[in-house]
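*Asks:* Need coordinates for the below:
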Amino acid sequence: MIESADSLPPIKLISLEDKVLPLVQSQSRSSATKITPTDIRWVKVLEFLRSNNLSVNSRKLYKRELKRFLGWTQLHFNELRPRHFGLYKEYLRDEVKADTGKPLSKSSINAGIAALKSFFKWMCSTYPDIIATNPTLGMKLEKIPLPAAQSLTREQMERVWAALELLGETRQRDTALVHILSHGLRAGEIVELNVGSFDGKLLFLPDTKTNEPRLVPLRKQSRDVLETYLRSREELGEELNSLTPLMISHHASFKGERLSYHGIYFAVEKIGELAGIGDLHPHSFRHTYATELLLLGVDPSHARKLTGHTSEKAFRRYTLRSEQEAAIAAYYRAIGEETEQ
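*Replies:* Next up, the predicted model:
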């Protein structure tokens with residue numbers, strides 16, 4: 001028996017997008033799925049976070065951004081294609097809001113993109129049987145102006161040195177801490193320093209953010225301050241060896257233990273309050289050091305080696321300042337006012 005056309009069930013058209021992206025969440029924050037500890041994708045993320053030499057802040061940021069991405073899609077890693085990452089970038093730009101309720105800034109969007117790029121590069125290298133080609137290669141960062149170097153002025157540094165004299169129990173330690181920070185070290189790098197890292201002239205950093213060892217030469221005044229700090233600890237009965245932490249905590253709950261990342265930030269914050277410098281943080285000294293190297297005429301490639309910068313583009317903020325200073329000096333020389341500042 002031949003059925004008539006009227007008796008056939010209606011034909012339902014399914015769009016290609018619905019078929020291709022069945023497991024991508026709708027572009028809304030409330031639709032994000034909860035990540036469970038048994039999610040095999042999350043297991044790989046945790047392995048990635050453990051296997052990379054990330055600073056505390058970077059690890060926290062990567063974890064947050066990768067968790068956000070996995071909440072946005074249920075697709076497995078081998079199912080992801082470049083178009084999915086294009087959609088996710090649109091999601092970050094158009095749907096996700098910052099804590100203030102405003103859209104994410106370009107730098108925040110770039111943080112999310114950087115986390116994905118780093119993770120999937122690691123996945124391709126570590127698990128080529130799961131992902132043979134990095135699907136984030138075509139994912140572009142948002143273009144943002146190069147931020148200016150947040151260097152401290154000479155007058156601000158003088159206020160920092162004066163503020164250190166006002167400290168009590170932590171004065172010697174924090175003075176040594178500022179001297180080390182003033183040589184361009186990151187807070188996370190200082191946390192890992194041991195007494196054996198200092199040979200009386202240089203600081204040796206075997207495990208840095210760039211995964212390359214680094215030697216940091218200290219100026220004489222800083223060497224003397226550091227040696228005085230270590231000698232004072234021995235005079236108080238502490239037995240120092242090569243594996244003893246270079247910087248120790250004075251907090252009641254962690255007294256004598258290795259000074260933590262947050263401990264460094266707290267110490268610098270307190271110094272900033274005493275010096276009357278708002279938002280003083282450890283990286284302020286790193287910016288100042290890099291700028292000073294260039295103003296002293298140190299070759300940019302040598303300056304990058306001393307500071308541990310791998311990206312020439314990221315280091316450009318410091319060369320801009322030195323070039324500006326050189327141009328100003330050239331102008332005053334040209335008009336016969338070389339002594340003008």
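*Asks:* Checking my notes, residue 137 in a strand, right?
*Replies:* No: Residue 137: not assigned to a strand; according to DSSP: H, G, I helix; E, B strand; the rest coil it is coil.
*Asks:* any idea how far residue 212 is from the closest residue to it other than its chain neighbours?
*Replies:* Excluding the flanking residues, the one nearest residue 137 by CB to CB, 6 or more residues apart in numbering is residue 82, at 7.6 Å. For every residue, glycine as well, the C-beta is placed using N, CA and C. With distances taken as CB to CB, to the nearest Å, residue 82 is found 31 Å from residue 212.
*Asks:* same deal with residue 296?
*Replies:* Taken as CB to CB, the span from residue 296 to residue 212 is 24 Å.
*Asks:* Look at those two and report which has more neighbours.
*Replies:* residue 212 (12 against 9; other CB atoms under 10 Å).
*Asks:* close enough to count as contact, that one and residue 308?
*Replies:* Yes: counting by CB atoms under 8 Å, residue 212 touches residue 308, with 7.4 Å between them.
*Asks:* residue closest to the middle of the chain?
*Replies:* Closest to where the C-alpha atoms of the chain average out (CA atoms, centre = their mean) is residue 58, at 5.0 Å.
*Asks:* C-terminal to the worst-scoring helix or strand of the chain on mean pLDDT, what's the next element?
*Replies:* Lowest by mean pLDDT, DSSP states H and E among the helices and strands of the chain is helix 16-20, with a mean of 44. Sequence-wise, the next helix or strand downstream of helix 16-20 (DSSP states H and E) is helix 40-51.
*Asks:* The next helix or strand after that next one: which residues count as buried?
*Replies:* Using DSSP H and E, the helix or strand that follows helix 40-51 in sequence is helix 56-72. Using 16 or more other CB atoms under 10 Å as the test for burial, helix 56-72 gives 58, 61, 62, 63, 65, 66, 67, 68, 69, 70, 72.
*Asks:* Please apply the same query to stretch 76-91.
*Replies:* Neighbour-count burial for stretch 76-91 [16+ other CB under 10 Å]: 77, 80, 84, 85, 88, 89, 91.
*Asks:* What is the nearest of those to residue 275?
*Replies:* Proximity of those to residue 275 (CB to CB) peaks at residue 89, which lies at 41.4 Å.
*Asks:* tell me the mean pLDDT over stretch 324-341?
*Replies:* For stretch 324-341, mean pLDDT is 74.
*Asks:* to the chain's geometric centre, what's the distance from that stretch?
*Replies:* 36 Å (CA atoms, centre = their mean, to the nearest Å).
*Asks:* Then stretch 300-317?
*Replies:* Relative to its chain's centre, stretch 300-317 lies at 15 Å (CA atoms, centre = their mean).
*Asks:* May I see the buried residues of it?
*Replies:* Under 16+ other CB under 10 Å, the buried positions of stretch 300-317 are 300, 303, 304, 306, 307, 308, 309, 315, 317.
*Asks:* okay, who's weakest in the residues you listed by pLDDT?
*Replies:* At the low end of pLDDT for the buried residues of stretch 300-317 is residue 317, which has 75.
*Asks:* That one: which element?
*Replies:* With DSSP H and E as criterion, residue 317 is part of helix 312-334.
*Asks:* which other helices and strands contact that helix?
*Replies:* helix 282-295, helix 300-307 (3 or more CB pairs under 8 Å, 6 or more residues apart in numbering; DSSP states H and E).
*Asks:* For residue 228, which residues are in contact?
*Replies:* Shown in contact with residue 228 (CB atoms under 8 Å, 6 or more residues apart in numbering): 172, 176.
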